[in-house]
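*Asks:* Mind looking at a prediction? Sequence and model below.
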Amino acid sequence: MKIHEYQAKNLFKEYGIKVPFSLLCEKREDIENIIKEISLPCVIKAQVHSGARGKAGGVKLAKTYDEAVVIANNILGMELKSTQAGLKKVNKILIEQGVDIDKELYLSLTFDRKNECITFIISSEGGMDIEEVAKCMPDKIYTQHIDINFNPYETVSKLGLDENITNKICDIVKSLYRLTIEKDASLVEINPLVITKQKEVIAIDAKINFDDNALFRHEDILLLKDEAEENPYELEAQKYGLNYIKLDGTIGCMVNGAGLAMATMDVIKLAGKDAANFLDVGGGASSEKIEKAFKLLISDENLEAVFINIFGGILRCDFLAEGVKNAIKTLNVECPVIVRMEGTNKEQGAEILNNSGLKFTVVNDLNEAIEVIKRI
C-alpha cells in the first residue's frame, strides 16, 4: 500500500526525523490563507501516488505570495502525467516552507529479496532518479545489508561529509529502520535528503510503501489509504476477495492460483497478445464469486477476449461453468470467451457450457488455446 508524501512526513516526525513546515490544502478557497502561514519562498507539491512529479509539473517553487497563489491554483485540480497509470487528477497539494539547500542526498531502506534482508542505500547524488544514478554513476551508490549488528556509520562516512552531519544521517537511518520494522514498510525513501547551509539535515521528500499482507496488524496505517488514488478495478476486486491487478493488454484472464495465472499470462504472450489483467479467483470460489469476477473482467474497455484457465481442485469445474454462464447471460457479453478446464467435474463443466446456448470456445489444452487466441 502506498501513502502520500504528507502522510509519510507525518510518520517521519513521529520517529524524530526533521521535515520542513508544511500545510495540506484540498480546497481552492483555502489556498491564500494557507500560503500566508508559510514562510516564503515555498514549494507547492501535488499529492498523488506517482514518481517524477517535478518533471510532470507537479512540484514548483514560488518566491512571492502572488506567485505561490497562482502556482497553487494551477496545480490543484490539474491532470498530472503519472509514472504508474496515465493521468491522475491532483486533489490535494502540500504547501511547504522552502529550505536553504547546500547538498542533496538519496537515502532509502528496501527489501533485498535475493539476500533476504533489508538493505540500506545511500548516494551523494540526491534529487535524481536513482535508476539513472545506478546506470551512469554506480560508484556514487553505497549499499549495506542490515543484520543484527547493523551500524550505518561505516557506509554513511563514505560520503566524505563532516562528522556532525554524518552522525545526524546515521540517526535518521536508525529511525527509518525502526519505522520499517514497526510498521511493516516495504520501502522507505527520502529523495532528496538535504543538508542545509545552516548544517541541518532535513527530509524534503518522503515515500513509504507498506506490505499489504501485514496491514491487518496496523489499523493506523490502513486509515491512511486514499481510495481516490487506487485503481477502481482493483478496489472492486477487493470487495469480493479477488486478487486482481490491471494490466495494459487486451486479453482478460481468469485463473485459480497465482502460479497458474503467471503461466496463463505467458501463454497469452506466446499467442502474440498481452494480458489485460492478473485475476486469481482462489481455490474455493463460488459460482457467485466467479460471476463477480467475470463482471470485473469485461468492464475493461480495452478487452478483446477472455481466457479462462482453471484447474478444478477445490474449485470444481461445474461451479466455474455455472458462474461464467450466468455472468454472460446477465451481462450480455459479446467478446469471445475461451475456456480451458482440467480437474474435478471437468466433464460436467464442459456440458454446462456446451448446452448453454452461448458462444464459448472450449479448448482441451494450452496449445489449442494459443491457436484460438492468435486468431482474435
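*Replies:* Cool, the structure landed.
*Asks:* separation between Ala327 and Ile373?
*Replies:* 20 Å (Cβ to Cβ, to the nearest Å). C-beta: built from backbone N, CA, C; applies to glycine.
*Asks:* Helices along the protein, start to end?
*Replies:* For the chain, the helices defined by DSSP state H cover 5-14, 31-37, 65-75, 130-136, 153-156, 163-183, 219-222, 232-239, 258-270, 287-298, 317-331, 346-354, 366-374.
*Asks:* packing partners for the first one?
*Replies:* To tie it back to what came earlier, the one meant is helix 5-14. Applying 3 or more Cβ pairs under 8 Å, 6 or more residues apart in numbering; DSSP states H and E, we find helix 5-14 packed against strand 22-25, helix 163-183, strand 207-210.
*Asks:* What residues sit buried inside the longest one?
*Replies:* If I follow you right, that is helix 163-183. 165-166, 168-170, 172-173, 175-177, 179-180, 183 (16 or more other Cβ atoms under 10 Å).
*Asks:* Taking helix 5-14 as reference, get the angle to that helix.
*Replies:* Between helix 163-183 and helix 5-14, the angle comes out at 110 degrees (axes from the mean of the first three to the mean of the last three Cα atoms, to 10 degrees).
*Asks:* Restricting to C-alpha, output stretch 232-245 in CSV.
*Replies:* Once non-C-alpha atoms are left out, stretch 232-245 reads as follows in CSV (Å, rounded to 0.1, in the frame of the first residue of the first chain):
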residue,chain,number,x,y,z
PRO,A,232,-11.0,1.3,-9.4
TYR,A,233,-10.9,-2.2,-10.8
GLU,A,234,-8.6,-3.4,-8.0
LEU,A,235,-10.8,-1.7,-5.4
GLU,A,236,-13.9,-3.5,-6.7
ALA,A,237,-12.0,-6.8,-6.7
GLN,A,238,-11.1,-6.4,-3.0
LYS,A,239,-14.8,-6.2,-2.1
TYR,A,240,-15.2,-9.8,-3.3
GLY,A,241,-11.9,-11.3,-2.1
LEU,A,242,-10.4,-11.4,-5.6
ASN,A,243,-6.7,-11.0,-6.4
TYR,A,244,-6.8,-8.6,-9.3
ILE,A,245,-4.2,-6.4,-10.9
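*Asks:* Can I get the helices of the chain in CSV including distance to Lys92?
*Replies:* Below are those laid out as CSV (distance: least, Cβ to Cβ, whole Å):
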stretch, distance to Lys92
helix 5-14, 8
helix 31-37, 12
helix 65-75, 10
helix 130-136, 25
helix 153-156, 33
helix 163-183, 22
helix 219-222, 18
helix 232-239, 18
helix 258-270, 34
helix 287-298, 28
helix 317-331, 36
helix 346-354, 48
helix 366-374, 42
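*Asks:* comparing those helices, which gets the lowest mean pLDDT score?
*Replies:* The weakest mean pLDDT among these belongs to helix 232-239, with a mean of 74.
*Asks:* Excluding its own residues, what touches it? List them.
*Replies:* 227, 243-246, 277, 279, 293, 296, 299-300 (Cβ atoms under 8 Å, 6 or more residues apart in numbering).
*Asks:* Lowest-confidence one in those residues?
*Replies:* Glu227 (77).
*Asks:* Next up, the contacts around it.
*Replies:* Contacts of Glu227 by Cβ under 8 Å, 6+ apart are Leu235.
*Asks:* again, but for Ile373
*Replies:* Counted by Cβ under 8 Å, 6+ apart, Ile373 has contacts 251, 267-268, 271-273, 305, 307, 338.
*Asks:* can you rerun that using 10 Å?
*Replies:* 251, 267-273, 304-305, 307, 336, 338, 361, 363 (Cβ atoms under 10 Å, 6 or more residues apart in numbering).
*Asks:* got the end-to-end distance for stretch 192-201?
*Replies:* Length of stretch 192-201, first residue to last, Cα to Cα, to the nearest Å: 10 Å.
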